[in-house]
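>>> This is a predicted model, with the sequence first.
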Amino acid sequence: MTLPDTQLILRYAARSDVGRLRAKNDDSAYAGRHLAVVADGMGGHAGGDVASASTVLDLVHLDHGGYGDSGEAGTVLADEIQTANSLLSELVATNPKLAGMGTTVTAILLNGTKLAFAHIGDSRAYRMRGNKFEQMSVDHTFVQRLINEGRLRPEEAETHPHKNVLMRVLGDVDASPELDLTSFDVEEGERWLLCSDGLNYVPHPIVERTVREIEDPGECADKLIALTLAAGAPDNVTVIVADIVAGKADDDESAVDDEKPPAAPAAAATVTASAAARTPVTSASRAESPTGKEASGEDGELGEDEAARHEVPTDPNLGAHLSAEVLRSELDSRPHELVGAAAAAAESGSLPSVASRTAARRAAALLTHRAEPEVEVEDTETEADTMRRQLRRWVRLILAAVVAVAIVLGLWLGYAWTQTRYYVGAYNNHVAIFNGVSQTLGPISLSKVYTTTDITMNSLPDFQKQRLQAGVPATSLSEAQDIVANLRTNPESCFNSPSGSPSSATPSASATPSAKPSASATAIPPGHPSPSPSATHPSSSPSPTNPCLGGQ
């Protein structure tokens, strides 16, 4: 039970190690009096450390109390994680080398006797209350889904080939992040353990025994890291041990573990791969926080000079260096531990930013909280950014409309052309004239019956039936009608062979004799017969056309 002039705060220790096999540390973590967060980055050489460091640094300004009793702490925590996810997407858009990066997030935010909890990915949160030690988070992994569906036993998960496949993370993914959000009632004396999946290589009973037996958070965290290294540590490992204790809001000593590891400069920035690799175990320095009177006027309000220094910047081109200075000042003003990729970023002093907008937003959020805790600050966005985004949206809409119109127009023109064609075919065992072409487009027929005749298919020769079944094309309606007329009047001679070639019964014009008789023919000896008249005038007319073939 807490005294009237005290409140529940976290007494914490944070540790991180690159492990024995990895080249760099993609984990990040922050622990303070009210906030603790672990992020395990992924994305290979370029992106994992950036994703985890950026996400953790976007949340550090939440480390304060006074969120009210209406669940505001949980709402703010969820909103800020979603905002961090949006910034990761923007980082990928401006730097394609970061494509595919992402991070897990497991965070707790203490507000009075309530603890807001947010989780996505496979980092874990455990709670020890009394004699009960239990996992409070659910892994968002493929094997956990199989376990939930009853298709895999928990003991089989550790050896499953896809145990590290994540189903939900922050970052460059298609779906919007779906966070696990809940709120817990807390009691003084309970202990929370947040960790990345690197701790999974230590058997669960050993983790539980360590958390139970080692009272000091710093010693407990050190022991968990040592156990992981002894187990081979094939992955980065990060742990936060946080006890719920009673203390004053400005009581730094009750919040921070007495056993402090060697401190690194307090700053907040992105980490390069080389910087992360050089920092196997690290934490940020915890400069003494100024007292309430030192940081403000006697009545608790900011003095004029202090308020002027803490005025929220409105310059949309605020540089990343200014944001780094603001974050450094913010971290120095409160007890905390910053480890992993986020802590190694202090060496470079540069923040992952999108055209300085990310840096400006972070600086504005931190300064606004210090000056006016109740005022929410929206992302700073220039008018040019808004116009460019709107222009891109309109260009995409116009291009989509043009493509759609072109497709519809092409289909309509193609269909219109088919309606200018005709052919003669079979329909219900009768000869019919069709409007269109005899082909189909999938299930769509490109023709329709124009008229049906009284000529039955059974009255026609077999070769004509075959031609009609395939369709006899005509260039016009009148030509199709001529084909039908010839089928009606002379079905046998219309096609006298299956190939449809016309008859060649007419005499050849080559038998025509010379028009002038020879001189020797003028005097016919007596007794010789005269030439036959029929031989002097043979037929020389051309072959007739075959209407059944469309006038050929």
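Alright, I've got the coordinates.

>>> Model confidence at residue 488, what's the number?
Confidence at residue 488, expressed as pLDDT, is 85.

>>> How about residue 390?
So residue 390 comes in at 86 (pLDDT).

>>> three-state assignment of it?
Assigned state for residue 390: helix (three-state reduction, DSSP: H, G, I helix; E, B strand; the rest coil).

>>> Tally up the residues packed near it, please.
10 (other Cβ atoms under 10 Å). The way it works is simple: take the backbone N, C-alpha and C, and place the C-beta from them, glycine included.

>>> Residue 489 too?
Neighbour tally, residue 489, other Cβ under 10 Å: 10.

>>> That one and residue 482, how far apart?
11 Å (Cβ to Cβ, to the nearest Å).

>>> Kindly report the same for residue 345.
Distance from residue 345 to residue 482, by Cβ to Cβ: 88 Å.

>>> Looking at these two, which has the bigger crowd around it?
Each of residue 345 and residue 482 has its neighbours counted (other Cβ under 10 Å); residue 345 has more, 31 against 18.

>>> Tell me if I'm right that the more buried one and residue 53 touch.
Yes. Between residue 345 and residue 53 there is a contact under Cβ atoms under 8 Å: 5.3 Å.

>>> All the strands of the stretch 51-200 of the chain, in order from the start?
102-103, 105-111, 114-120, 124-129, 132-135, 170-171, 180-185, 191-195 (DSSP state E, counting those that start in this stretch).

>>> could I get those as JSON lines with mean pLDDT, mean neighbour count and distance to residue 40?
Putting the strands of the stretch 51-200 of the chain into JSON lines (pLDDT from 0 to 100; neighbours: other Cβ atoms under 10 Å; distance: least, Cβ to Cβ, whole Å) gives the following:
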{"stretch": "strand 102-103", "mean pLDDT": "92", "mean neighbour count": "30", "distance to residue 40": "6"}
{"stretch": "strand 105-111", "mean pLDDT": "96", "mean neighbour count": "27", "distance to residue 40": "9"}
{"stretch": "strand 114-120", "mean pLDDT": "96", "mean neighbour count": "23", "distance to residue 40": "11"}
{"stretch": "strand 124-129", "mean pLDDT": "97", "mean neighbour count": "20", "distance to residue 40": "10"}
{"stretch": "strand 132-135", "mean pLDDT": "96", "mean neighbour count": "12", "distance to residue 40": "16"}
{"stretch": "strand 170-171", "mean pLDDT": "86", "mean neighbour count": "29", "distance to residue 40": "11"}
{"stretch": "strand 180-185", "mean pLDDT": "95", "mean neighbour count": "14", "distance to residue 40": "16"}
{"stretch": "strand 191-195", "mean pLDDT": "98", "mean neighbour count": "25", "distance to residue 40": "9"}
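
>>> Compare these and give me the one nearest residue 88.
strand 170-171 (4.8 Å; Cβ to Cβ).

>>> Give me the domain ranges for this structure.
Using automatic domain parsing, the domain parsing of the chain gives 7-139+181-289+334-350, 419-501.

>>> Serialize the ones you listed to TSV and add fields for distance to residue 146.
Formatted as TSV, these follow (distance: least, Cβ to Cβ, whole Å):
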stretch	distance to residue 146
domain 7-139+181-289+334-350	11
domain 419-501	40
